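# 3D model of this:
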Amino acid sequence: MTSSQITIRPSSEIGLANTLTAMEQNVYAAANRNLDSVLSSSPQPANLTALERAAIIEVEALKLVGGMDLMALLLRGKIITKIRNQNLLNVHPEHPTLEEMAVSVGVSVTELSYVDALCNVVFPYLEQNGISVAETWESIQKSKFFELTPALTAIITGEMPGRGSTRESVISVLEGHGVPISPDGEPGEISDEARASAVDQLLQMGELPVREMRRQLRPSHTDDIEGIILRDDSMYYAVLRMNDDQRVMFERLTGRHTNVTVVNPDETTRPYLGNLRRMLGS
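Modelled structure (predicted):
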């Protein structure tokens, strides 16, 4: 077993590593302040032992570390916005695609899109309507926020997902808050009141355990993914047919074990076709 006393730098850049390491002291200071605040407002003295106080502080510190996750997400969102608005991928010396950039920073394109939507659609809406992003983040956390992002974005912007269980969920939530739905399944105008109450319902879902949240968010569940596997001696090639919901499910189940390139049928993807032919041996 390795020693827990070994110091591991959180960054390869020394200055940034020192700054991030110093944040540990700030987290514990905040945990102590929170506990002292609770104790000072209590009508009865707590009479905590030193060990009991230490236990409370460690648990509170673990909770507060989630704020560092939010800070990283907010910073990533600002960077993504700057790259997009200034068209920086096209002037980058290597001219990377969005997929190549995602791979280089160790995330999926789907995660980048979720970060973008949260930082530029969901979080601004929450703050503008008096809902603290920091407090909501502490209750919901990153993984569940990501699962709620497509539905939250659709309700806030009024732009419905094309099809699948996310669309069905959004329409069901809107209908429950008085938004008229046409016979062909298109929602009518979403009032500010209906939008606010629908968003609040989704945020309440986010406070549930993961399985219960998913059950309420997608009561009809996501359909199984259809596909075929081609075998060539000892190699196998998979062709899968997925909608947006199925792709999210696919990445959640296999994301740590796959390296997938998304190719759109346009002129910019022609170089990928040669790679595909070589992979298939054709």
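
# Check which helix or strand Gly227 maps to.
Secondary structure from DSSP states H and E places Gly227 in strand 226-232.

# Just after that strand, pick out the following helix or strand.
That would be, after strand 226-232 and using DSSP H and E, strand 235-241.

# and Met249, how many neighbours?
For Met249, the count of nearby residues is 19 (other CB atoms under 10 Å). Backbone N, C-alpha and C define where each C-beta goes, glycine included.

# pretty sure it is touching Ile225, no?
Yes. Met249 lies in contact with Ile225 (CB atoms under 8 Å); the separation is 7.5 Å.

# thinking again about what came up before, angle of the strand holding Gly227 against strand 235-241?
If you take axes from the mean of the first three to the mean of the last three CA atoms, to 10 degrees, strand 226-232 sits at 160 degrees to strand 235-241.

# Contacts only, for Leu98.
Neighbouring residues of Leu98 by CB atoms under 8 Å, 6 or more residues apart in numbering: 89, 109, 112.

# Who are the contact partners of the last one?
The one in question is Leu112. 80, 98, 102.

# let's go with 6 Å and repeat that
Ala102 (CB atoms under 6 Å, 6 or more residues apart in numbering).

# pretty sure it belongs to a strand, no?
No. Per DSSP: H, G, I helix; E, B strand; the rest coil, Leu112 lies outside any strand segment and is helix.

# how near is it to Glu189?
With distances taken as CB to CB, to the nearest Å, Leu112 is found 31 Å from Glu189.

# do the same with Ala61
To Glu189, Ala61 is 46 Å away according to CB to CB.

# neighbour count winner among the two?
Each of Ala61 and Glu189 has its neighbours counted (other CB under 10 Å); Ala61 has more, 17 against 8.

# Name the SS class of the more buried one, please.
Strictly by three-state DSSP, Ala61 counts as helix.

# now the stretch 51-200 of the chain, which segments are flagged as low pLDDT?
Residues of the stretch 51-200 of the chain that meet the criterion pLDDT under 70 lie in 163.

# Run through the helices of it in chain order.
Using DSSP state H, counting those that start in this stretch, the helices assigned to the stretch 51-200 of the chain run over residues 66-85, 88-91, 98-104, 109-117, 123-128, 133-140, 142-157, 165-176, 192-206.

# could I get those as a markdown table with distance to Glu13?
Formatted as a markdown table, the helices of the stretch 51-200 of the chain follow (distance: least, CB to CB, whole Å):
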| stretch | distance to Glu13 |
| --- | --- |
| helix 66-85 | 15 |
| helix 88-91 | 21 |
| helix 98-104 | 17 |
| helix 109-117 | 22 |
| helix 123-128 | 27 |
| helix 133-140 | 26 |
| helix 142-157 | 24 |
| helix 165-176 | 39 |
| helix 192-206 | 34 |
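
# Which among these is found nearest to Ser234?
Closest to Ser234 of these is helix 98-104 (CB to CB; 26.2 Å).

# Show me what counts as buried in the closest one.
Buried residues in helix 98-104, counting neighbours by 16 or more other CB atoms under 10 Å, are found at 99, 101-103.

# on that earlier part again, who touches the strand holding Gly227?
So strand 226-232 is contacted by 236-241 (CB under 6 Å, 6+ apart).

# what are the pairing partners of that strand, and which direction each?
strand 235-241 (antiparallel) (DSSP bridges).

# Give me the contact list for the strand it pairs with.
Around strand 235-241, the neighbours that count as contacts under CB under 6 Å, 6+ apart are 225-230.

# Now the residue nearest the centre of the chain: closest residue in space, sequence neighbours ignored.
Of all residues in the chain, the one closest to the mean position by CA atoms, centre = their mean is Phe146, 2.9 Å from it. Residue nearest to Phe146 in three dimensions, not counting chain neighbours: Tyr114, with 4.8 Å by CB to CB, 6 or more residues apart in numbering.

# Could you do Gly67 as well?
That would be Ala134: by CB to CB, 6+ apart, it lies 6.5 Å from Gly67.

# Tell me how many other residues crowd that neighbour.
So Ala134, with other CB under 10 Å, has 11 neighbours.

# Likewise for Leu240?
By the criterion of other CB under 10 Å, Leu240 has 13 neighbours.

# Could you check how far it is from Arg53?
Counting by CB to CB, the gap from Leu240 to Arg53 is 53 Å.

# Quote the end-to-end distance of stretch 159-172.
Distance between the two ends of stretch 159-172: 15 Å, counting by CA to CA, to the nearest Å.
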